[in-house]
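Asks: would you be able to build a 3D model of this:
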Amino acid sequence: MPFSKDKKPLQAPPTEEKTVRTEGLFFKCDNCRQIIWKKELESNLNVCPKCDFHFKIGARHRLELLFDEGQYQEFDPNLTSTDPLNFFDRKSYRQRLEETQKAVGTKDALICARGKLGGREMIICAMEYSFIGGSMGAVMGEKITRAIEAALAEKRPLVIVSASGGARMMEGAFSLMQMAKISAALARLDEAGIPYISILTDPTTGGVTASFAMLGDLNVAEPGALIGFAGPRVIEQTIRQKLPKGFQRAEFLLEHGMIDAIVPRKELREYLINAFKFCLS
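Replies: The predicted model follows:
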């Protein structure tokens, strides 16, 4: 009688599946395409350690980097748009505002704050690009105007950090009116001899560039920032010509006398301290 195997072959005991979660721990640089560890990027102020590409940062982070010990007092935080045109595209403007306010944690695309920079009392406004592209509506115009008036009344220097796609289309002409409103307030600040420094970050475009972003006593940009009115593609289609390499980037504007300096993020705080020392000496 032939031998036969009635027993099943031995099987290894079941093992728990091991997985390594890496989501959110690494970033790919938009410029050099290198993989960067999140903690390394954060410790370098969100600047690529390999190619010095400046990632976008939020308004609160920006204020913490500039004010002494990251301490500041926000003012006018609860101003919000009334949707003057009852605007509706894929969704109502009111719904878009509510969803963005909940996601971002601010009422609009600008934070205004008082604090100290290098021991000097200062007012700094910082734009939040993640709030509808940092677009300028009536609320932003009102908040910046109030900040200028506070700087005038309190004799404090002013800094505005821009990061914007331009005017907010959902508010139409109400948005465009803010350009004149803010520019007139800045003229009063200039007459009083109170310095104003404009910081242009990536991107600074549209009506923001066409008004207060380029009206500083010093206009300073971060490296590689896109700065302009209309976008490069729109300009090419209009003039039917190829634009020069690096057109509308900070380096191009500095070379052609449109801005005063390009300052890396690591050096910006010290640069502002020294600039205000010079302006107020």
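
Asks: the domain parsing of the protein - what is it?
Replies: Residue ranges for each domain of the chain read 22-55, 57-280, as given by automatic domain parsing.

Asks: so which residues of the stretch 151-281 of the chain form helices?
Replies: Using DSSP state H, counting those that start in this stretch, the helices of the stretch 151-281 of the chain run over 172-191, 206-209, 232-239, 250-255, 265-280.

Asks: by contact count, what packs against the shortest one?
Replies: Same thing as helix 206-209. Contacts defined by 3 or more CB pairs under 8 Å, 6 or more residues apart in numbering; DSSP states H and E place helix 206-209 against strand 158-164, helix 172-191. C-beta: built from backbone N, CA, C; applies to glycine.

Asks: in that helix, what counts as buried?
Replies: Under the neighbour-count criterion of 16 or more other CB atoms under 10 Å, helix 206-209 has Gly206, Gly207, Val208, Thr209 buried.

Asks: deepest-packed of the helices and strands packed on helix 206-209, please.
Replies: Across the helices and strands packed on helix 206-209, averaging neighbours per residue (mean count of other CB atoms under 10 Å) puts strand 158-164 on top, at a mean of 27.

Asks: next, count neighbours for Thr205.
Replies: Neighbour count for Thr205, taken as other CB atoms under 10 Å: 25.

Asks: spatially nearest residue to Ile111 (excluding sequence neighbours)?
Replies: Setting aside the residues directly before and after it, Ile111 is nearest to Ala59 in space (CB to CB, 6 or more residues apart in numbering), at 4.5 Å.

Asks: now do the contacts for the one you found.
Replies: The contact partners of Ala59, by CB atoms under 8 Å, 6 or more residues apart in numbering, come to Thr106, Leu110, Ile111, Ala126, Met127, Glu128, Val161.
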